[in-house]
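**Q** what follows is a predicted protein model with its sequence.
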Amino acid sequence: MEHADVASGAAIVGAAGVALVLLARGRGTLASGIVLLAAGMGGLAYALVPASDLRALLDSPARIALVAVIGVALLALAGLLARWPALVPACALAAAPFRVPVAIGDQDAFLLVPLYAILAAAVLAFLLRLLRGAKTQALPRPLALPAVAFIGLSAVSMLWAGDERAGAIQLLFFLLPFGALLAVVARAPAAPWWPRSLAATLVALACGFAAVGISQLWTERLYFARDLEVANAYTTYFRTTSLFGDSSIYARQLALAIVILVAALWLARIRLVPAVALLAVLWSGLYFSYSQSAMVALVVSVLAVSFIAADRTSRRQLAAGTLAVALAAGAFVAVVVRDQPLDRLTSGRSPLVASTWRVFADDPLTGVGVGSQPQASQERSGVKDREKYASHTTPLTVAAELGVLGLAVYVAFLAGAARLLAAAFRRDRALGLGLASAFLLLLVHSLFYSGFFEDPLTWGILAVAAAALARQPRAP
């Protein structure tokens, strides 16, 4: 990357801004943190995005007018969110799944452009509230400290990252904006309608995605996954992606909605007939994605939700049924796959795990730097295709890129999340159970597929839990 030094310095400035907006509570300090965060992201954008791409935004009157209209719309949305800040979580959730293909130089990427727009408006609204003298509270330390440590360590690792471009992308488009997302949503005033509105938004979006995915079975056309479309031509089954570029990301979105519906059923927040109809649509979409990682995560999460929400008799029945099914499935798998190679059994995951482990073993203390694991694995293998060596196991990826210290911070982040979600469940059973089940699904899915820290829902779930704890009175 041409401006690697600029990117390293900007990453550290941005991480300092995240630390201020997550740990401070004074209005002046919070505003300073937002300024530092914006400066850091601006420096990363300067280092990463070619100047020709930036000039292209203003190379015609039509594009200048479009940029002006977008700016006015963002200001109007900021004014709306400043007046009704409780709308921020719902707006962010509605925009979170949508990924837009964007060309950065000679590279194409799927970026969360709608979410970035909502987040920019939410940050402006937060600044307006600060200027008006709104009271703010510090985030829970078990959540804020590990989040600051993880983002800060990732930013510092840019100093020795083997792939500066990938590290800059990771920080600019994911870690730094999600730090701002955590800070803004966690300070939004909680509303009693949050559980219903957030669940309805998630399920409605998932049903729409499922409908598009099911329609792809008839058209046999995928919209943003050309590689998979070619692969489908050589298989006896057809994998769908809906509006996503990846079947597993699409399936994860459907699995989240399913586990939320299961939680609502246990809490009697939805009637059986409409719930079954919605589950049928969602499961149909999930099935034809053929995402094994999402299905495993869904089973684990549904069982966990059921054990938490069920009474004692139902728990015993669930335990007996789960044990019987697990034993039967284990025996079946042992017979069917006894002569199969490990690579095929794990759908190609075992070589990825092995290559990522070698990267960690070579640099266990500092790691190879944020975003650099795929390149490091590719260099050790001699294979040209870097993407084939991207790890699909978040703990190993963190260990390979940030070393043992990064792994310790990752564990602390999970421990803080568990503590926060448990407190939210004790405060509000419906909201807490929904948040905890969704977070568990994302966590389990990340053990088999990448995208835990790159998913805005990971940060948004914890932010909503923190806001609920700060604002809502304890339920009787």
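**A** Ah, there it is.

**Q** pLDDT below threshold where in the stretch 201-350 of the chain?
**A** Scanning the stretch 201-350 of the chain with the threshold set as pLDDT under 70 gives 332-349.

**Q** what ranges do the helices span in it?
**A** For the stretch 201-350 of the chain, applying DSSP state H, counting those that start in this stretch gives helices covering 226-232, 247-266, 272-287, 292-309, 312-336, 342-345, 349-362.

**Q** surely Ala109 is in a strand?
**A** Yes: judged by DSSP: H, G, I helix; E, B strand; the rest coil, Ala109 forms part of a strand.

**Q** if you drop the residues flanking it in sequence, what lies closest to it?
**A** Of all residues not flanking Ala109 in the chain, Val102 sits nearest, at 5.7 Å (Cβ to Cβ, 6 or more residues apart in numbering). Every C-beta, even on glycine, is put in place using the N, C-alpha and C of the backbone.

**Q** again, but for His445
**A** Using Cβ to Cβ, 6+ apart, the nearest residue to His445 is Ala297, at 3.9 Å.

**Q** now do the one you found against Ala280, distance only.
**A** 20 Å (Cβ to Cβ, to the nearest Å).

**Q** tell me which of these two has more neighbours.
**A** Ala297 (27 against 11; other Cβ atoms under 10 Å).

**Q** select, out of the helices of the stretch 201-350 of the chain, the one closest to Ala16.
**A** Minimum separation from Ala16 across the helices of the stretch 201-350 of the chain (Cβ to Cβ) falls at helix 349-362, 27.8 Å.

**Q** next, the angle helix 349-362 makes with the very next helix or strand once past that closest one.
**A** Note on helix 349-362: by DSSP states H and E, the next helix or strand toward the C-terminus is helix 373-381. Angle, helix 373-381 to helix 349-362, by axes from the mean of the first three to the mean of the last three Cα atoms, to 10 degrees: 90 degrees.

**Q** tell me the helix or strand right after helix 373-381.
**A** Beyond helix 373-381 toward the C-terminal end (DSSP H and E), the next one is helix 394-427.

**Q** can you name every helix or strand that that following helix contacts?
**A** For helix 394-427, the packing partners by 3 or more Cβ pairs under 8 Å, 6 or more residues apart in numbering; DSSP states H and E come out as helix 141-156, helix 349-362, helix 373-381, helix 429-446, helix 456-471.

**Q** and the average pLDDT for that helix is what?
**A** Averaged across helix 394-427, the pLDDT comes to 96.

**Q** give the buried residues for it.
**A** Neighbour counts using 16 or more other Cβ atoms under 10 Å place 394-403, 406-410, 412-413, 416-417, 420-421, 423-425, 427 of helix 394-427 among the buried residues.

**Q** that one to helix 456-471, inter-axis angle?
**A** Using the same axes, to 10 degrees: helix 394-427 against helix 456-471 is 30 degrees.

**Q** now the angle from helix 394-427 to helix 429-446?
**A** Orientation check (the same axes, to 10 degrees): helix 394-427 against helix 429-446 gives 170 degrees.

**Q** what angle do helix 394-427 and helix 292-309 make?
**A** Note on geometry: by the same axes, to 10 degrees, helix 394-427 and helix 292-309 are set 30 degrees apart in direction.

**Q** quickly list the domain ranges of the chain.
**A** Domain segmentation of the chain under automatic domain parsing yields 4-189+355-471, 195-339.

**Q** deepest of these, which one?
**A** Highest mean neighbour count among the domains of the chain (mean count of other Cβ atoms under 10 Å): domain 4-189+355-471, with a mean of 19.

**Q** kindly check the end-to-end length of that domain for me.
**A** 43 Å (Cα to Cα, to the nearest Å).

**Q** and it, how far out from the chain's middle?
**A** Centroid separation for domain 4-189+355-471 versus its chain: 9 Å, with Cα atoms, centre = their mean, to the nearest Å.

**Q** cool, stretch 225-241 as well?
**A** On the basis of Cα atoms, centre = their mean, stretch 225-241 is displaced by 25 Å from the centre of the chain it belongs to.

**Q** what's in contact with that stretch?
**A** For stretch 225-241, contacts defined as Cβ atoms under 8 Å, 6 or more residues apart in numbering pick out 213-214, 216-217, 220-224, 244-247, 250, 285, 288-290.

**Q** name the nearest residue to Val49, sequence neighbours excluded.
**A** Ile104 (5.9 Å).

**Q** now do Ser32
**A** Leu20 (6.1 Å).

**Q** could you tell me how far the residue nearest to Ala465 when sequence neighbours are not counted is located from Ala38?
**A** Nearest residue to Ala465, sequence neighbours excluded (Cβ to Cβ, 6+ apart): Ala424, at 4.1 Å. Separation of Ala424 from Ala38 (Cβ to Cβ): 30 Å.

**Q** coming back round to it: just to check, the residue nearest to Ser32 is in contact with Ala38?
**A** No: at 12.0 Å, Leu20 does not count as touching Ala38 under the criterion of Cβ atoms under 8 Å.

**Q** nice, that's everything, thank you.
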